Structure formats: structure tokens, C-alpha cells
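A.B. asks: for reference, the sequence and a predicted model appear below.
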Protein chains: 4
Amino acid sequence: MRLRLDVSPYAVPASTFPFPPANPAYAERVRASFARQGAMRLIGAELIAVEPGYCAIALVPHADVSQQHGYVHAGIVSAIVDSAGGYAGFSLFPANASVLTVEFKVNLLAPATGERLVAEGFVVKPGRTLAITRGEVHAERHGKRTLVALMQQTLMVMHGKADE
Amino acid sequence: MRLRLDVSPYAVPASTFPFPPANPAYAERVRASFARQGAMRLIGAELIAVEPGYCAIALVPHADVSQQHGYVHAGIVSAIVDSAGGYAGFSLFPANASVLTVEFKVNLLAPATGERLVAEGFVVKPGRTLAITRGEVHAERHGKRTLVALMQQTLMVMHGKADE
Amino acid sequence: MRLRLDVSPYAVPASTFPFPPANPAYAERVRASFARQGAMRLIGAELIAVEPGYCAIALVPHADVSQQHGYVHAGIVSAIVDSAGGYAGFSLFPANASVLTVEFKVNLLAPATGERLVAEGFVVKPGRTLAITRGEVHAERHGKRTLVALMQQTLMVMHGKADE
Amino acid sequence: MRLRLDVSPYAVPASTFPFPPANPAYAERVRASFARQGAMRLIGAELIAVEPGYCAIALVPHADVSQQHGYVHAGIVSAIVDSAGGYAGFSLFPANASVLTVEFKVNLLAPATGERLVAEGFVVKPGRTLAITRGEVHAERHGKRTLVALMQQTLMVMHGKADE
């Protein structure tokens, strides 16, 4: 396996994803959990895709999520890509487990602005105790996508801890 | 120099900070810049201390900044410690420079809950082009402080780019 | 652009790489610089591929680069992927610039063992002052590749500082 | 608790360290494990201090650990601070557990050169499954210490896996 740069939409055939979900109801679980995140609602983030080991979250830039120069705040960019990575991992977890971010690292590559930001999380390595993901945030503008953030993340599988 | 664990309040004598500010109006500049961050206002964050190479930002946990288990969202914790680190760096910058987060890495150590979260940023190494900071977030509860997050961050000094 | 998991060899057609080199002699420069790295020689690392924005370094595991369980030491794995990322960036730099690692973050995903380790660095975003790369280390064994490490790195372009 | 910058030697009173070791023979275990790391022997690293939740490793710069400009290679600096952090964590583990680096992030702050490099690891948060450490590398020269690297690391406690 190798990570390669590629053009892609947000709807990806499920066959693309190499990791089988442990729970057939993975998409419903992710959506229900996302709906309980007050922070995602507050900033206006929307869950736009869930696949096994993959999640995409969109955010339309607005003044209430800005930093001092008017771009979307690095912390808000980080929040959506942290959630995207977390739910990418969670989609593969068994039914009785919830997810915790152990740590993540994010590089900010370009000003976060445009018509829409899309944060995507991808599982790189699922595991019994830990799952490793990577993430990307693209800004969409005039039909073009610009990479604005790159993330690498470690998640913990919290066995025996229901999500709700 | 060495980083040591220590008990401390948020008001620290200025002599503690080894880095002289390039701009005597550093505190006013940080406050004015923070006031322009829509994202900090939206989540309810408050700037509570600025010193040369140091900044503290507080947040009272509430449902609108929560993740699915009711704790403060890792992304929101990251947002306040990113801002604290960024303004710690910015406090040392010359008057005609603004600040950009190049990247940061954060470990989440304990559930972010309690009466108040306080994120602190500390400059470790100021530089002409880059500044390196570290950060901590503590949860305050019943007079006790618990370390909930630890950060390490790289900032860029944007010379010739006014902050407003 | 999007980072995707893919099967790949180490010889990749140059057309795959989206970033044009600023210096036509990029491959010779990378090879000459690598040859001056005493550390790479000491551990037995070999430069096996250079393309614009890409570099691959191989290491045959042996007892002298081991940790306490006999696998290749995480620090040695980090050293080859740091060099691979650094030279991926350097391959795009102008002739009068050298390269410096500002920071990197690496996740160790599986025991570093097998017939050969191959560390690859990929430029994600070249820039005038900073370049961002990501890296992977695979272990080869019985014709199979296992991802053993994932890296994200920030490099600095040192203008006016010749490499030798 | 708060991390503070401070001047310090490498011999620190044990009372400084807030975490009790689970195994009274912690120092012998760390030394025996370090002695099995072929990589540390190859590069010439020496274990100079072990305390509960703390470890220091020294390296005298020489041409065989250099990068292309003659300084100690970033990957070698990372290797000693990864080991220092790992053994800081391991010193607190129970007798039947070994240690694994999950991930680390390191900032390189100044050229790694001088009479001696000293890498120190400090446990920030011990845990049943994971331990979080931070690390520093200083260069010693003419009686002065310069901070050359700053690290943040996640370790895994491998229960039931003896170290040798």
C-alpha cells in the first residue's frame, strides 16, 4: 500500500476501502454520534459522507469561525479534520466501543477560505486498541480544490463504553 | 534551560519570561487581534493573560462546545491552545508582522470538563522566521487543576503583513 | 488533489510528480548530499530513488540498528524517513539553497523487520520558505509490503546556503 | 501542574518526580534493556541517568552520526530522544510489561553540535495502556546548554510481554 496524490470526489465506491466494518450499522452510528456533538453544530459543520474507514465533514466559511485575518481559524479547521478522522476510525469499531482522540498533528498549508471546506479522514491502520488515521482539508472555490490542511492522528478504541 | 513540572497561577511575574518583546505595545496588539477572532467569540473563549512569550485563554465548558460524550470537543480544546500558543509567539513579534500557525501537535490526556479550561501557550524558541511554542490545557474543578492537553507548535512570522 | 492508498513500486514515471524541479541537476545534488551524511552510511542506508519531490531510501535490518526486541529501532526508522522526506523536498529547491528539518511527526504502525525497509518521502506542498512532506516506511518480506511507519514533516528552504 | 523552563543538572533528587515506580528494580530493568539496543551502541549513545519517569541519554557528536553539513543528523537526535522518552515511561511500568513507541513529534531548534548532546525524557502522564512523555535535547558547549530539540511522545504499555 502507498499513499498517493489523486483527484477525487467525496462519493467513493465502497470497494475502494480496504477495511471491513465490524458493525453493519456503522453509518447510522456515526451519524447519531455526530448529531450529539454540540461543537460541530455550533460551528456549522455537516457530515457529508461515511464509508468504512472514511468520513467527510463540510463547513461553509463564515465570520463566526474566523481568525483575525478573516480566514477560518486553524483551530476550527483542526476541529473538523479531528472529527473526520475520529469518525473514520469509529466506523470500523465494534458496536460496544466508542472513540477517543489520543493525539493528532496538523499542518496548515494554505488560507482556509472559499465556498466550502471539506475535511476527510481515512483509516490507515485499524487495530484492537489503537487506530491510526490521516486527514486532509480542501477548500473548494470556483470548481477547484486546494489542500489547506494535512493531519495524522491516533485514536483509541474504548471497548465496553457505549457511544451514547 | 529545562522544562519542569510545577504548580503555578496564571499571573506570573514578567521577570519569569526570558524573551524581551520587540514591540512595547505587545499586550494591546494581542488583545486587539484576539478580539477579531470570530471563532474565539463563538465558542466563548476569553483572553485572561498576556506576557512576553506567554498567553492564557479560558473557556467555561458548555453543551455547545461538546463532543458526543458531553466533554469539550478535542477540536475546541485544540483551538484554544492553538490560539494561546499563537498569541504567545505574536507577543514577541515586531509591530509590522503577523502570525500564522504552520503546524501543531496535541495530545489529549484527560476528559476536558470542569468549571473552567485554561489553555496556556509558552514560547520555547523565538526566531526571525519561525517561533516554536508549547502549550498546556488544564481543567479547573473544586480548586484543583488537571492537565487535559499538551501541545507543541510551529509558528511563522509574517513580516510586512499587518495584523488587521 | 487527494492522498490515496495505492500499490506501487519504487520506480515511478516522472510524469506522476506534479512539482517541477527548480534545478535540472536535482538528482545529482541529492545523491551528493546523501553521500555526505555519515549517519546514513553508519546505519547502512542506501538511496534507491530520486524524482522531483520524491525520494526513497532502503535499509536492510541488522542487529546494529535494533531496539531491545530485535526490531529496527523506532529512531532509526525515523532517521531514514526524515532523510527521505528531506531529500524529497531538497530535490525541488533552487541550486543555492540547502534543506533543514523544522519538525516531523511519525507513527510506528508495525514492527520494523523483514528483508528490507523502504522509506519514501513525498512533497505535499513546496513553498518559497517552507516545504511540507509526508513519508511512509514499508517492510518488504516474501514479496509483500507492510506499512510500518507514517510521517508528516516540515522543511525549511535555506536560501543562500550551499549544501556542501 | 505546569511545565516550566528551568536550569537544571542531570542528577535530580528523586523527590522531584511525582510518579512512583511500579517495579522497585526499575533502574536495572532500564539499563538492561538499553544495553540490548544495538542502535544505541552503534551510534555511541550512553545512558547517563534513570529516575522514576525520567531518563537521560548522552551522545558525543562525531562524523559517523552527521548529516550533510556536519551537524548531528536530525534522525539521530530523534533516536536518542525517542529512547529517552521510551525509557522514562518504561521506568514506571510493571515488571511484566514492555514498551512500544506509538508515535512522537520532534522540533529541531538549533544545530546539533557541541561537546555533548543530552536527551532527556520526562513522563507527563502515566497510564494503564498509554503513557505520554515529553523530551528535550540540549547541546553542551563551553559550560553552556542550548536547547536543540523538543519532543512529545505517546508510548504503549505492552502488558504480558517481557522486555527480553
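C.D. replies: Good, I have the coordinates. All values reported here derive from a predicted model rather than from experimental measurement.
A.B. asks: tell me the gap between the lengthiest strand in chain A and the middle of its chain.
C.D. replies: The strand that spans the most residues within chain A, counting by DSSP state E, is strand A:144-159. The chain centre lies 6 Å from the centre of strand A:144-159; the measure is Cα atoms, centre = their mean, to the nearest Å.
A.B. asks: stretch A:46-60 too?
C.D. replies: Centroid separation for stretch A:46-60 versus its chain: 6 Å, with Cα atoms, centre = their mean.
A.B. asks: can you find the helix or strand of chain A with the lowest average pLDDT?
C.D. replies: Between all helices and strands in chain A, the lowest mean by mean pLDDT, DSSP states H and E belongs to strand A:2-6, at a mean of 37.
A.B. asks: ok, and the closest non-adjacent residue to residue A:34?
C.D. replies: In space, and not counting its chain neighbours, residue A:34 is closest to residue A:47: 4.7 Å by Cβ to Cβ, 6 or more residues apart in numbering or on different chains. (C-beta placed from N, C-alpha, C; glycine too.)
A.B. asks: pLDDT score for the residue nearest to residue A:94 when sequence neighbours are not counted?
C.D. replies: Computed as Cβ to Cβ, 6+ apart, the closest residue to residue A:94 that is not its neighbour in sequence is residue A:22, at 4.4 Å. The confidence metric pLDDT takes the value 89 at residue A:22.
A.B. asks: ok so residue A:22 is a strand residue?
C.D. replies: No: according to DSSP: H, G, I helix; E, B strand; the rest coil, the state of residue A:22 is coil, so it is not within a strand.
A.B. asks: assess the claim that it and residue A:91 are in contact.
C.D. replies: No: taking Cβ atoms under 8 Å as the contact criterion, residue A:22 and residue A:91 are not neighbours in contact, 9.3 Å apart.
A.B. asks: who has more neighbours, the two?
C.D. replies: Set side by side, residue A:22 and residue A:91 show more neighbours around residue A:91, with 26 against 15, by other Cβ atoms under 10 Å in any protein chain shown.
A.B. asks: which bits of chain A sit near chain D?
C.D. replies: Counting by Cβ under 8 Å from any Cβ of the partner chain, the residues of chain A lying close to chain D are A:102-103, A:105, A:129-130, A:152, A:154, A:156.
A.B. asks: and those residues, which of them are buried?
C.D. replies: Taking 16 or more other Cβ atoms under 10 Å in any protein chain shown as the criterion, what is buried in these is A:102-103, A:105, A:130, A:152, A:154, A:156.
A.B. asks: for residue A:26, give me its contacts.
C.D. replies: If a contact means Cβ atoms under 8 Å, 6 or more residues apart in numbering or on different chains, then residue A:26 has A:50, A:52, A:90-92 as its contacts.
A.B. asks: now swap in residue A:75 and tell me
C.D. replies: Applying Cβ under 8 Å, 6+ apart, one finds that residue A:75 lies in contact with B:39, B:75-76, B:78-80, B:82-83.
A.B. asks: with residue B:164 as the reference, measure out to the residue nearest to it when sequence neighbours are not counted.
C.D. replies: In space, and not counting its chain neighbours, residue A:75 is closest to residue B:79: 2.3 Å by Cβ to Cβ, 6+ apart. Shown here: residue B:79 relative to residue B:164, a distance of 21 Å by Cβ to Cβ, to the nearest Å.
A.B. asks: walk me through which strands the helix or strand hosting residue A:132 pairs with, and which way each runs.
C.D. replies: Secondary structure here is read from DSSP states H and E; on that basis residue A:132 sits in strand A:130-141. Sheet pairing here is set by DSSP bridges, and for strand A:130-141 it gives strand A:116-125 (antiparallel), strand A:144-159 (antiparallel).
A.B. asks: which single one of the buried ones among the residues of chain A next to chain D is nearest to residue C:57?
C.D. replies: residue A:152 (19.9 Å; Cβ to Cβ).
A.B. asks: surely the closest one meets residue A:102?
C.D. replies: No: between residue A:152 and residue A:102 there is no contact under Cβ under 8 Å: 11.7 Å.
A.B. asks: just the element for the residue nearest the centre of chain A, please.
C.D. replies: Per Cα atoms, centre = their mean, the C-alpha nearest to the average position across chain A is that of residue A:84, at 1.1 Å. Assignment of secondary structure by DSSP H and E places residue A:84 within helix A:74-90.
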